[in-house]
Each structure stands twice: as structure tokens, then as C-alpha cells.
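*Asks:* Need coordinates for the following:
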Amino acid sequence: MSRIAFDAKRITSNTTGLGNYSRFVVDALTTFHPEHSYFLCSPEEGNPSLYAHLRERKGVKWMFPNGRVGGSLWRNFGIVPELRTEGIDLFHGLSHELPRGIYGKGMATVVTVHDLIFIRYPHYYKPIDRLLYRIKYGCAARHADRVIAISEQTKRDVMTYFHVPADRIDVVYQGCSPAFGQATPEDEARARTEYNLPDRYLLYVGSIETRKNLKLAVEALARCQDRSIRLVAVGKRMPYCTEVEEVARHLGVAERLILLHGVPFALLPGIYRGAEAFLYPSRFEGFGIPIVEALASGVPVIAATGSCLEEAGGPSSLYTDPDDPDMMASMLDSVLSDSSLRHRMITDGYSYIKRFSPRAIADALMQVYDRVLREKGSSLR
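*Replies:* Numbering: from 1, shown residues only. So this is what the prediction gives:
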């Protein structure tokens, strides 16, 4: 039995991507590899409802600041003596970072890098944020015993921008909550009632920001042969929303665009289940979890080329040029009118996402951990 610790800041405080990934990882590991002890280290208790299910797991121990030093100081330096006291074998930074004081302390270290979008698209970030990310993420990637990249695209970026050798990077994909494959007709009906959803709609899920390129989906909607279907976009409202709404008005589809913000997670599976197709025109992602959620929900996917979305959607999803609304509209017409194509996309999608199951992810992570510990002269016990 090994003692494995995690940076749990996102687990306790983040309701979206990094938090969902972190909770998924710990949930999968404690379910399929309960023989180990897991220590979750967070500088604050955050929102206990986010991780209530993990509090019930046997073999999980929580570590919060118990002295004068808290916050980032504890997360970077104060936690290290406590990890050594607990006899931690391996520490996994789940969101790009490792404690600055952990290097040279004898513990095995692993860090997950999700994406380096702040380098590829610097204009989306404040200069101070870009500087801090480059320092923190680069330091962790270069010093960790192994780096986990969530896609082949991210692996290439880590090699290019942080100069980490390929043989120190493992690709372990992300998974999504089993809830998306378990939604019932009642879940769908509840979501429809809660948000007065139309009978037929296309779906987008993700923050509504420039990089996500929702405007392309609106332009495709206006060109689609089906003039009754609507587009539901679920995500955090950003300034880019105004541009999207203006485009919808200009193209005469404003009444067919529905923007939903602050949707609780419990209602998302039902919203996915009711969609006729899922559109994800993002220009660049580290992976693309909403695509996996859609495939798990039995919804055909049309995504964009240019990053790693083919890795998330597989060979039977469709991929459009992110600057070609006619191309996306043509694909959309095919999905909505060709029942055999639709059936194949759904069936193949179910098969493809088996590689993203909690069991598959947990086993892949354990292989990484065992390799690190063996290289350190130990192993998973």
C-alpha cells in the first residue's frame, strides 16, 4: 500500500474544468484502487458540497492548514513538512503546479498539465497572469519526475514550450462523470421544465468566450436548412456574449438562440440528453471534456479542427474548419437529416469513449505512479 497525496485546491473550490478533473481522478482511484491511502491537501475547505462524496471514502485523509501559515504559502511550502511527517510516497499536482518546496525532498512527483493556451493565445490573458503561469507551470513540468498531459496536443506543447523530453511525459486522457451516461427521461423532462427548453435544439456547453468561437455555431444555425431548430448555449457569460448576440440579431436568428448561465451540474445530463446534436467550435483546447459528455449522452458531435478535439471525439464525430460556417452548416444538415449517419455516430461514440471510463483512467494513472516509484527505487505496495 502506498501513500499518495494530491493538491486538492481545485477539488474544494472549483466548480468547473480543473475541479471536475481533480474530483474525477480521486473518485476513480479510490473506487478502483482502494488499497492505497490518499491524502487531499487544500489551503481551504472551500465549498464542502463539491466534495461531500469524497469525504465518505475510506482511505481518504484531508489535510488543511492548522497553523498561522495558510493560503498559497502553505500550499507551496508549509505542506511539505506535513507530507514528510505522513510518509507520503508520491505527490500529484492535479492542475499544472507542484509545491515549490517539494523539490529535492525525496518524494516522487507527478504533475498534470492540461493546456498551454496562455502561451499559444496570449492575448486572452493578462500579462501578469501569463508571467506567473509560465513560471509556475514551467517549473513544475521541468522538475517533476513525470508529467501527465491530458492529450497528445498538450504533450507536444509541453515538449515545445517547456523543453521537457518526450520520454518524461505520459498521455492520460480525461474522463467525464458517469452521470452523463445515466440520465433518464425524467432528468431530461426536469431540465426542459426548469429552463423551458424547446422541443428540438442543438447544444453547446462551455464558457462563452472568444476562443470558444460560439459565433461560428450561430452562423451555421442561420445557414442550416432546418429553420425550426434552436441553439442552446450553456456556460459562463463573458463579454464575448454581446458579440454573439449581435451576430444572431444580424442574421435573424436571435429568437433561436438561448443562452443559459449558472446551470447546476445536476441538470446538465438532462440538458445533454435532449439535444439533437452537440456543437463545439472551439479554436483550441487541451482536450474537450464537453465532447466526451455529449458522446456519453448519446448525442452526435460536430467540433472544430485545429487542436486536439479529434482525440476527444474520435473518428466518427465530424470536424469543421473553425472559420467556415458553411462547412459546419452542411455537416449539421447531414446529422439532422440522415438517420443512418446519426445512428452510426451515436453507436461509434459509445464505443470510443470506453477509453475514458473511470476504470481506464484510474488504471492508467496507477501505471504512471508505479513507474515513478520504481524509478525512485520503490513501487506501489
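*Asks:* just the helices in the stretch 51-200 of the chain please.
*Replies:* 52-55, 71-73, 79-85, 117-120, 127-143, 152-162, 185-195 (DSSP state H, counting those that start in this stretch).
*Asks:* least reliable of these going by mean pLDDT?
*Replies:* Among the helices of the stretch 51-200 of the chain, helix 71-73 carries the lowest mean pLDDT, a mean of 83.
*Asks:* quick one on the thing from earlier: and among the helices of the stretch 51-200 of the chain, the most buried is which?
*Replies:* Among the helices of the stretch 51-200 of the chain, helix 152-162 has the highest mean neighbour count (mean count of other Cβ atoms under 10 Å), at a mean of 19. For glycine as for every other residue, the C-beta is placed from the backbone atoms N, C-alpha and C.
*Asks:* how distant is it from the center of its chain?
*Replies:* Taking Cα atoms, centre = their mean, to the nearest Å, one finds the center of helix 152-162 at 17 Å from the center of the full chain.
*Asks:* Out of the helices of the stretch 51-200 of the chain, the one nearest residue 17 is which?
*Replies:* Smallest distance to residue 17 across the helices of the stretch 51-200 of the chain (Cβ to Cβ): 11.7 Å, for helix 117-120.
*Asks:* Please tell me how far the closest residue to residue 222 other than its chain neighbours sits from residue 267.
*Replies:* Nearest-residue entry for residue 222: residue 251, 3.9 Å, with adjacent residues in sequence omitted and distances by Cβ to Cβ, 6 or more residues apart in numbering. Per Cβ to Cβ, to the nearest Å, residue 251 is found 29 Å from residue 267.
*Asks:* can you check residue 71 too?
*Replies:* Going from residue 71 to residue 267 by Cβ to Cβ gives 33 Å.
*Asks:* again with residue 70
*Replies:* Distance from residue 70 to residue 267, counting by Cβ to Cβ: 34 Å.
*Asks:* pLDDT score for residue 106?
*Replies:* Residue 106 is given a pLDDT of 85.
*Asks:* these two touch, right, residue 6 and residue 91?
*Replies:* Yes. Residue 6 is in contact with residue 91 according to Cβ atoms under 8 Å; the separation is 7.4 Å.
*Asks:* List the residues that contact residue 85.
*Replies:* By Cβ atoms under 8 Å, 6 or more residues apart in numbering, no residues touch residue 85.
*Asks:* and what of the one 10 residues further on?
*Replies:* For residue 95, the contacting residues are 7, 9-10, 18, 21-22, 112, 114, taking Cβ under 8 Å, 6+ apart as the criterion.
*Asks:* can you rerun that using 10 Å?
*Replies:* Taking Cβ atoms under 10 Å, 6 or more residues apart in numbering, we find residue 95 in contact with 6-11, 14, 17-19, 21-22, 111-114, 137, 140.
*Asks:* about what we covered before: which of residue 70 and residue 267 has more neighbours?
*Replies:* Taking neighbours as other Cβ atoms under 10 Å, residue 70 and residue 267 compare with residue 267 leading, 19 against 14.
*Asks:* Could I get the phi/psi values of residue 260?
*Replies:* Phi and psi for residue 260, reported as degrees, to the nearest 10, are phi -120, psi 130.
*Asks:* should've said residue 65
*Replies:* The phi/psi pair for residue 65 (degrees, to the nearest 10) is phi -60, psi 130.
*Asks:* What count of nearby residues applies to it?
*Replies:* A total of 19 residues lie near residue 65 under the criterion other Cβ under 10 Å.
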